[in-house]
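**Student:** I would like to see how this sequence folds:
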Amino acid sequence: MTDTTHSSPTRPALWRKADKVWLLIAFLPFAVGVIDPPKAVPTVTFALGPLAHTAPFIVFAVLAVAWLKATGAETLLARAFEGREVRMILLAALAGGLSPFCSCEVIPFIAAMLAIGAPLSAVMAFWLASPLMDPAMFLITSGTLGWQFATAKMVAAVAIGLFGGFGVKVFADSPVFADPLRASPVARGKSRCGCGSCTPDPLSGKPVWRFWSEPERRREFGATARDNALFLLKWLLLAYMIEALMLTYIPPEAVAGVLGGTGLMPILLGAVVGAPAYLNGYAAVPLIDALLQQGMSNGAAMSFAIAGGVSCIPAAVAVWALVKPRVFAGYIGFATFGAVLAGIAWSMIA
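**Tutor:** Here you go, the predicted structure:
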């Protein structure tokens with residue numbers, strides 16, 4: 001008799017392999033249907049409406065990132081870590097605010113930079129700016145929160161990168177930033193995986209602008225576009241469902257009482273609650289939109305977006321994996337202080 005004990009995956013194995021975000025997307029309307037049946041269908045339709053509105057931005061962002069990956073244009077980022085230290089800090093902050101890397105993809109890139117002797121100041125500038133903005137995030141933020149907020153966040157990302165980079169440069173010889181690396185940083189040369197795709201070492205090769213002439217690059221374009229489209233669709237659909245539930249069940253006066261009004265306190269609270277409430281840079285956009293509709297102040301929204309983006313789990317792990325805890329504490333400190341300053345500045349402008 002044939003042994004069928006291992007012929008099919010066990011339930012624990014299926015659970016480990018299942019995408020928990022898609023499961024949560026399916027569970028939310030089901031739970032609402034059980035607890036409050038009249039609200040189940042409106043929850044889904046509310047989520048699909050903003051998703052359709054954002055669709056053109058998603059399509060453009062997906063194609064743009066796929067083009068960057070297929071051509072290998074991201075290899076040009078390595079040039080930001082060449083030359084004099086001040087120049088490196090400036091270019092690293094700009095590159096971080098514009099690069100297509102997500103938080104999980106940046107680890108091998110940064111490990112390679114540190115391994116070849118790039119100063120921690122330039123790396124810190126890139127690290128702080130990178131999780132806050134990228135081309136896809138700018139487009140999606142513009143489509144939901146407006147181009148003014150997206151532009152302000154992009155400027156804040158670069159400014160915080162510069163703040164952290166020059167801060168490390170000034171205190172480079174202090175006990176906090178001296179000898180920053182852990183004993184076994186991630187090795188250069190490994191493929192980088194995450195946020196939907198795995199690609200080779202971002203420091204190797206040169207861009208090939210006519211990528212369609214090479215089958216491997218065409219496949220890279222298709223795979224990157226597909227994976228990132230699913231990634232954005234998944235997280236935005238979940239976020240819009242959460243937005244619908246927030247608008248339905250959380251009293252506006254409760255949000256306005258904590259995060260509304262003027263002054264420094266709402267901005268500080270926005271920075272404090274940003275980390276635990278942050279899903280990722282894309283899913284945070286509808287969340288911030290819902291909070292603004294319920295009375296969150298403009299300054300608190302900006303500090304929430306900045307502090308949450310830098311200190312959320314993927315971004316924080318990218319730093320924790322490579323440097324010692326004291327350097328990680330410096331990273332969080334620069335991010336939090338920069339988020340508060342960005343919130344104050346935006347509250348005065350918006």
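**Student:** was I right about residue 229 contacting residue 61?
**Tutor:** No: Residue 229 lies out of contact with residue 61 (C-beta atoms under 8 Å); the separation is 9.3 Å. Using the backbone N, CA and C atoms, a C-beta is placed for each residue, glycine as well.
**Student:** Looking at those two, which is more packed in?
**Tutor:** Under the criterion of other C-beta atoms under 10 Å, the comparison of residue 229 against residue 61 puts residue 61 first, with 24 against 18.
**Student:** Apart from its chain neighbours, what residue comes closest to the more buried one?
**Tutor:** residue 136 (3.5 Å; C-beta to C-beta, 6 or more residues apart in numbering).
**Student:** Helix or strand next in line after the helix or strand hosting that neighbour, which one?
**Tutor:** Assigned by DSSP states H and E, residue 136 belongs to helix 135-145. Using DSSP H and E, the helix or strand that follows helix 135-145 in sequence is helix 147-170.
**Student:** ok, and for that following helix, which residues are buried?
**Tutor:** 149-150, 152-154, 156-169 (16 or more other C-beta atoms under 10 Å).
**Student:** So for that helix, mean pLDDT?
**Tutor:** Mean pLDDT, helix 147-170: 93.
**Student:** what's the answer for stretch 295-312, then?
**Tutor:** On average, stretch 295-312 scores 86.
**Student:** cool, stretch 84-100 as well?
**Tutor:** Stretch 84-100 comes out at a mean pLDDT of 85.
**Student:** which residues sit against it?
**Tutor:** Outside stretch 84-100, the residues that touch it by C-beta atoms under 8 Å, 6 or more residues apart in numbering are 64-65, 68-69, 74, 77, 79-82, 118-119, 121-123, 125-130, 132-136, 154, 157-159, 161-162, 165-166, 169.
**Student:** What subset of those residues is buried?
**Tutor:** Using 16+ other C-beta under 10 Å as the burial test, these include 64-65, 68-69, 74, 77, 80-81, 118-119, 121-123, 125-130, 132-136, 154, 157-159, 161-162, 165-166, 169 as buried.
**Student:** What about residue 320, how many residues nearby?
**Tutor:** So residue 320, with other C-beta under 10 Å, has 15 neighbours.
**Student:** which element is the closest residue to it other than its chain neighbours on?
**Tutor:** The shortest distance from residue 320 to any residue other than its chain neighbours is 5.3 Å, reached at residue 328 (C-beta to C-beta, 6+ apart). Assigned by DSSP H and E, residue 328 falls within helix 325-349.
**Student:** Now do that helix, average pLDDT.
**Tutor:** Mean predicted confidence for helix 325-349 is 91.
**Student:** quick check: angle from it to helix 147-170?
**Tutor:** Counting by axes from the mean of the first three to the mean of the last three C-alpha atoms, to 10 degrees, helix 325-349 lies at 140 degrees to helix 147-170.
**Student:** Packing partners of helix 325-349?
**Tutor:** If contacts are counted by 3 or more C-beta pairs under 8 Å, 6 or more residues apart in numbering; DSSP states H and E, helix 325-349 sits against helix 120-129, helix 147-170, helix 264-277, helix 298-311, helix 313-320.
**Student:** Take the second one, keep the C-alpha atoms, and write them as CSV.
**Tutor:** C-alpha atoms of helix 147-170 as CSV (Å, rounded to 0.1, in the frame of the first residue of the first chain):
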residue,chain,number,x,y,z
TRP,A,147,0.8,66.3,-4.5
GLN,A,148,1.5,69.0,-1.9
PHE,A,149,1.7,66.4,0.9
ALA,A,150,3.6,64.0,-1.3
THR,A,151,6.1,66.7,-2.2
ALA,A,152,6.5,67.9,1.4
LYS,A,153,7.1,64.3,2.5
MET,A,154,9.7,63.8,-0.2
VAL,A,155,11.5,67.0,0.9
ALA,A,156,11.3,65.9,4.5
ALA,A,157,12.8,62.5,3.6
VAL,A,158,15.8,64.1,2.0
ALA,A,159,16.1,66.7,4.8
ILE,A,160,16.0,64.0,7.5
GLY,A,161,18.6,62.0,5.5
LEU,A,162,20.9,65.1,5.5
PHE,A,163,20.2,65.7,9.2
GLY,A,164,21.2,62.2,10.1
GLY,A,165,24.2,62.1,7.7
PHE,A,166,25.8,65.3,8.9
GLY,A,167,24.9,64.4,12.5
VAL,A,168,26.9,61.2,12.2
LYS,A,169,29.7,63.1,10.6
VAL,A,170,30.0,65.5,13.4
